[in-house]
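Undergrad: here is my input; please provide its structure:
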Amino acid sequence: MSNAGKSLLVGGLCRVFRQDGYRVAPFKSQNMALNSYITREGLEMGRAQVMQAEAAGIEPTVNMNPILLKPTNDTGSQVIVNGEVVDTMSAKEYYKNKKQFIPAILDAYHELESQNDIIVLEGAGSPSEINLKENDIVNMGMAKMAKAPVLIVGDIDRGGVFAQLIGTLALLEEEERSYVKGLIINKFRGDKDILMPGIRMLEERGRKPVVGVVPYVYLDIDDEDSLTERFAKRKSSGLIDIAVIRLPRISNFTDFSAFECFAEVSLRYVSSPGQLSNPDMILLPGSKNTIEDLLWMRQSGMEAKILQQAAKGKIVFGICGGYQMLGETIQDPEGMEHKGQVRGMGLLPINTVFQKQKTRTRVVGNFGRVDGILKSLTGVAVEGYEIHMGITEIMGNGVHLSQIENTIGNIENNTEKRKLDGAQKGNVYGTYIHGIFDASDVAKQIVATLLQEKGCDPEGVKAFEMKEYKETQYDALADVIRASLDMEKVYDMVEKGIMV
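TA: So this is what the prediction gives:
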């Protein structure tokens, strides 16, 4: 099922194989997520495979995720193949046509295969969705194409794990069951001895070995978007209270993970005006449908609450779609999201026009001159990436602005150009750059400033190196995998492959 822990286990296995000296890469033929990433080549892929590539110690490439589906509404998605948008399709249309993408999937897989010793493939949802099996390209269908041994993961935390695993096996066809070489029980809390009678019965009835029971662990590793447990955080217990607006179509919430690493900060996601309260800083995230989410804020009363906080001098910071919302107007002449023009929140003197062409680029540079509360960010280095459909014009309107300035490196010819990529008005800031808070000094400067504003000593706040921190988390995950899975059996599966 979804959220059984497949992505995390793939990442853990990638790290174990890497530690053991193998060249290893992750692969997911089709991912559906709003959390996406831009590679060095300017191509778009799912962030789950980025996490897994980091665990494997290699550069993320679109070969690891040849098809990315980004939902635009409840029944349709933007279809991204090899990192580029090819169309927007309804679920029915995509299901009817997805076999046409098999050549792209196999090309990506074989390219990875030529460069690595081991590839760890991740499925999507359940392998026994019998209504979708005919055109399956990501679960057992992909296992057959790659001749890959299969481990099925069950989530005991939600209950019914034995029924999950036995039911899954029962719904597989005989040939598909021959690919299954083991079962994993994930997210276990408690005494494993109490579980053993159930495991023995599971192995007898399923005729497949249980290769491990993985405990429920608390590690700070990027997870998938809509099912993340980060959204459940509600209480403010730190000196600094930062509220992220949980938009209905929120994307790239990992932009804010850096703040969770400071003991002084409580980061929480709010989805109603009553939850907002009186935070020290409000973050407006990206959105897959900026106009619809802006209208949701307006209709729910969330916009009015944010405007009240901004008028009090609280910091409001928007990223990508959140940046666009903070402006004067958003125009959509071609109906990319919501044909026509809507009024923005009016907190930044910018106007945005949606266009068909998507901006996809990596950015490296520095903040320009920053005024107001966050003036300590002036000159601080930033690194990140952009993914957006709109072109934003910064208007003078007689208001002094400080723009966030970037250097964009062209990998092909090593040239650079400067551009303005954000705007400020008083205590309101916005930028298109995803990952802007990940640079070691950016989040530190913001946290130190917020502490100072509250009369607290900011001297104890240390710069935070996100890359180093992630490495410690991947190593900790590998330790859990080694302690929980029978790695001899796993390596035996890798060596033997599939003999059918």
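Undergrad: shaky segments in the stretch 301-450 of the chain?
TA: Where the stretch 301-450 of the chain drops to pLDDT under 70, the residues are 396-419.
Undergrad: I'd assumed Gly123 was in contact with Lys6.
TA: Yes: judged on C-beta atoms under 8 Å, Lys6 makes contact with Gly123 at a distance of 6.5 Å. (C-beta placed from N, C-alpha, C; glycine too.)
Undergrad: where in this structure is pLDDT low?
TA: The model of the chain has pLDDT under 70 over residues 224-237, 396-419, 499-500.
Undergrad: how is it partitioned into domains?
TA: If you go by automatic domain parsing, the domain ranges for the chain are 6-221+471-496, 240-455.
Undergrad: so which of those domains is nearest Glu465?
TA: Of all the domains of the chain, it is domain 240-455 that lies closest to Glu465, at 4.9 Å by C-beta to C-beta.
Undergrad: now for the strand or helix carrying Asn97, which elements pack on it?
TA: Assigned by DSSP states H and E, Asn97 belongs to helix 91-97. Packing partners of helix 91-97 (3 or more C-beta pairs under 8 Å, 6 or more residues apart in numbering; DSSP states H and E): strand 76-81.
Undergrad: helices or strands next to the strand it packs on in the packing?
TA: Using 3+ C-beta pairs under 8 Å, 6+ apart, strand 76-81 is in contact with strand 67-71, strand 84-90, helix 91-97.
Undergrad: among the ones you listed, which comes closest to Ser266?
TA: strand 67-71 (29.6 Å).
Undergrad: elements contacting that closest one?
TA: Judged by 3+ C-beta pairs under 8 Å, 6+ apart, the packing partners of strand 67-71 are strand 30-32, strand 44-46, strand 76-81.
Undergrad: the first one pairs with which strands?
TA: The one in question is strand 30-32. Using DSSP bridges, strand 30-32 pairs in its sheet with strand 67-71 (parallel).
Undergrad: burial check on Gly159, number of neighbours?
TA: For Gly159, the number of neighbouring residues by other C-beta atoms under 10 Å comes to 9.
Undergrad: same question for the one 4 residues further on.
TA: For Ala163, the tally of surrounding residues (other C-beta under 10 Å) stands at 11.
Undergrad: swap in the one 4 residues further on?
TA: Under the neighbour criterion other C-beta under 10 Å, Gly167 is assigned a count of 14.
Undergrad: identify each buried residue in the strand or helix carrying Val494, please.
TA: If you go by DSSP H and E, Val494 is part of helix 487-496. Buried residues in helix 487-496, counted by 16 or more other C-beta atoms under 10 Å: 487, 489-490, 493-494.
Undergrad: cool, stretch 144-157 as well?
TA: By 16+ other C-beta under 10 Å, the buried positions in stretch 144-157 come out as 144, 146, 148-156.
Undergrad: if we can go back for a sec, return the helix holding Asn97 as PDB; C-alpha atoms alone will do.
TA: Below are the C-alpha coordinates for helix 91-97, written out as PDB (Å, rounded to 0.1, in the frame of the first residue of the first chain):
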ATOM      1  CA  ALA A  91      -6.400   9.600 -15.100                       C
ATOM      2  CA  LYS A  92      -8.500   7.700 -17.700                       C
ATOM      3  CA  GLU A  93      -6.400   9.100 -20.600                       C
ATOM      4  CA  TYR A  94      -3.100   8.300 -18.900                       C
ATOM      5  CA  TYR A  95      -4.200   4.800 -18.000                       C
ATOM      6  CA  LYS A  96      -5.200   4.200 -21.600                       C
ATOM      7  CA  ASN A  97      -1.900   5.500 -23.100                       C
END
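Undergrad: what does it contact?
TA: Residues outside helix 91-97 that contact it (C-beta atoms under 8 Å, 6 or more residues apart in numbering): 69, 75-77, 79, 89, 132, 135.
Undergrad: in JSON lines: those, plus distance to Asn278 and neighbour count.
TA: As requested, the contacts of helix 91-97 are exported to JSON lines (distance: C-beta to C-beta, whole Å; neighbours: other C-beta atoms under 10 Å):
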{"residue": "Leu69", "distance to Asn278": "38", "neighbour count": "21"}
{"residue": "Thr75", "distance to Asn278": "38", "neighbour count": "11"}
{"residue": "Gly76", "distance to Asn278": "39", "neighbour count": "16"}
{"residue": "Ser77", "distance to Asn278": "38", "neighbour count": "21"}
{"residue": "Val79", "distance to Asn278": "42", "neighbour count": "21"}
{"residue": "Met89", "distance to Asn278": "44", "neighbour count": "19"}
{"residue": "Leu132", "distance to Asn278": "47", "neighbour count": "17"}
{"residue": "Asn135", "distance to Asn278": "51", "neighbour count": "13"}
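Undergrad: tell me which of the residues you listed is nearest to Gly11?
TA: Closest approach between the contacts of helix 91-97 and Gly11, by C-beta to C-beta: Leu69, at 20.7 Å.
Undergrad: measure that closest one to Phe101 for me?
TA: Leu69 sits 11 Å away from Phe101, going by C-beta to C-beta, to the nearest Å.
Undergrad: shared neighbours of the two, which are they?
TA: Residues touching both Leu69 and Phe101 by C-beta under 8 Å, 6+ apart: Gln30.
Undergrad: does Ile130 touch Leu171 like I think?
TA: Yes: if you go by C-beta under 8 Å, Ile130 and Leu171 touch, sitting 5.8 Å apart.
Undergrad: which of the helices and strands packed on strand 67-71 sits closest to Asn63?
TA: Evaluated with C-beta to C-beta, those place strand 44-46 nearest to Asn63, the distance being 8.9 Å.
Undergrad: so what secondary structure elements neighbour that closest one?
TA: strand 36-38, strand 67-71.
Undergrad: out of the ones you listed, which one sits most buried?
TA: Of all those, strand 36-38 has the most neighbours on average by mean count of other C-beta atoms under 10 Å, namely a mean of 25.
Undergrad: report the distance from it to the chain centre.
TA: 8 Å (C-alpha atoms, centre = their mean, to the nearest Å).
Undergrad: partner strands of it and their direction?
TA: Applying DSSP bridges, strand 36-38 is found paired with strand 44-46 (antiparallel).
Undergrad: and the lengthiest helix in the chain with helix 487-496, angle?
TA: Longest helix in the chain, counting residues (DSSP state H): helix 466-484. Counting by axes from the mean of the first three to the mean of the last three C-alpha atoms, to 10 degrees, helix 466-484 lies at 100 degrees to helix 487-496.
Undergrad: output helix 466-484 as CSV, restricted to C-alpha atoms.
TA: Provided in CSV are the C-alpha atoms of helix 466-484 (Å, rounded to 0.1, in the frame of the first residue of the first chain):
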residue,chain,number,x,y,z
MET,A,466,22.2,20.2,5.7
LYS,A,467,24.3,17.9,3.5
GLU,A,468,26.4,16.7,6.5
TYR,A,469,23.3,16.2,8.6
LYS,A,470,21.6,14.1,5.9
GLU,A,471,24.7,11.9,5.7
THR,A,472,24.3,11.1,9.4
GLN,A,473,20.6,10.2,8.9
TYR,A,474,21.4,7.9,5.9
ASP,A,475,24.0,6.1,7.9
ALA,A,476,21.6,5.7,10.9
LEU,A,477,19.0,4.3,8.4
ALA,A,478,21.6,1.8,7.1
ASP,A,479,22.3,0.7,10.7
VAL,A,480,18.6,0.0,11.2
ILE,A,481,18.4,-2.0,7.9
ARG,A,482,21.4,-4.1,8.8
ALA,A,483,20.0,-4.8,12.3
SER,A,484,16.5,-5.6,11.0
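Undergrad: contacts for it, please.
TA: Applying C-beta under 8 Å, 6+ apart, the contact partners of helix 466-484 are 8-9, 11-13, 15-16, 19, 54-55, 212-215, 217, 219-221, 257-258, 261, 438-440, 487.
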